[in-house]
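**Q** One predicted model, sequence on top.
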Amino acid sequence: GENVEQHPSTLSVQEGDSAVIKCTYSDSASNYFPWYKQELGKRPQLIIDIRSNVGEKKDQRIAVTLNKTAKHFSLHITETQPEDSAVYFCAASSDNYGQNFVFGPGTRLSVLP
Amino acid sequence: DARVTQTPRHKVTEMGQEVTMRCQPILGHNTVFWYRQTMMQGLELLAYFRNRAPLDDSGMPKDRFSAEMPDATLATLKIQPSEPRDSAVYFCASVNRGQTKFFGPGTRLTVL
């Protein structure tokens, strides 16, 4: 089955700096890669996703890149703000519906004012 | 603003007791997931249903856990008997035809 690794496990950046979180996956058939953000005590929420036919996707300060050959994808957050502090989970899915995905272990991001 | 709801939000129980957690998916969503979240294991898939039929419960300890969807508006997760190692936050999530999972607020379970 699919296995998703995520690095780093914790990340601290100064406000205004960029943050990068990297994930690797094992199943070459995976074709959908979402990122979820979970604030302390809250539910995980989708922030961005990418499909295997696209190499990069951007939404304001957030971008995701995908390298299918190397089987890795990354989340980039620019101009970080204190409200970006949270745990970020990457995931990969290979089922036909793209709904049953395997989550990475998470990265705890702290943005220091 | 449609949301997944879960009850109870918090549950403290003693080892050996039965625990039932309930989830109401977003109306019209036909796929429902149960996840368990702990500090050590992250988000683990326990079971999921599509159109009320169980598709995968391989992540669930079968001897003590059971998951059902009595109808399209209710999913249940039961633990009997509960053990201290079951202490975790249990999330329900639902999806429609797309791929965006909408998570409920979670049930924080503490087994003493």
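**A** Yep, that arrived.
**Q** which residues touch residue 91?
**A** Picking chain A for this. A:4, A:33, A:34, A:35, A:36, A:101, A:102, A:103, A:104 (Cβ atoms under 8 Å, 6 or more residues apart in numbering or on different chains). Every residue, glycine included, has its C-beta placed from N, CA and C.
**Q** wait, chain B
**A** Residues in contact with residue B:91 (Cβ under 8 Å, 6+ apart) are A:43, A:44, B:6, B:34, B:35, B:36, B:37, B:43, B:103, B:104, B:106.
**Q** so which of the contacts of residue A:91 also contact chain B?
**A** A:34, A:36, A:102, A:103, A:104 (Cβ under 8 Å from any Cβ of the partner chain).
**Q** what's around the nearest residue to the second one once chain neighbours are set aside, how many residues?
**A** Meaning residue A:36. Nearest-residue entry for residue A:36: residue A:44, 4.1 Å, with adjacent residues in sequence omitted and distances by Cβ to Cβ, 6 or more residues apart in numbering or on different chains. Residue A:44 is flanked by 27 other residues according to other Cβ atoms under 10 Å in any protein chain shown.
**Q** Also residue A:33?
**A** Residue A:33: 27 neighbours (other Cβ under 10 Å).
**Q** Quick check: bridge partners of it?
**A** residue A:50 (DSSP bridges).
**Q** Contact partners for the residue nearest in space to the middle of chain B?
**A** For chain B, the residue whose C-alpha lies nearest the mean C-alpha position (Cα atoms, centre = their mean) is residue B:34; its distance is 3.6 Å. Taking Cβ under 8 Å, 6+ apart as the criterion, residue B:34 is in contact with B:23, B:45, B:46, B:47, B:48, B:60, B:67, B:75, B:77, B:90, B:91, B:92.
**Q** What separation do you get for it and chain A?
**A** In this structure, residue B:34 and chain A are 12 Å apart, going by Cβ to the nearest Cβ, to the nearest Å.
**Q** give the contact list for residue A:110.
**A** A:10, A:11, A:12, A:13, A:85.
**Q** Next: residue B:96.
**A** By Cβ under 8 Å, 6+ apart, the neighbours of residue B:96 are B:26, B:28, B:29, B:30, B:31.
**Q** one step back: if we take the contacts of residue B:34, which one ends up nearest to residue A:60?
**A** Using Cβ to Cβ, residue B:91 comes nearest to residue A:60 of those, at 26.6 Å.
**Q** my guess is residue B:95 meets residue B:49, correct?
**A** No. Distance between residue B:95 and residue B:49: 10.8 Å, which falls outside the contact criterion (Cβ atoms under 8 Å).
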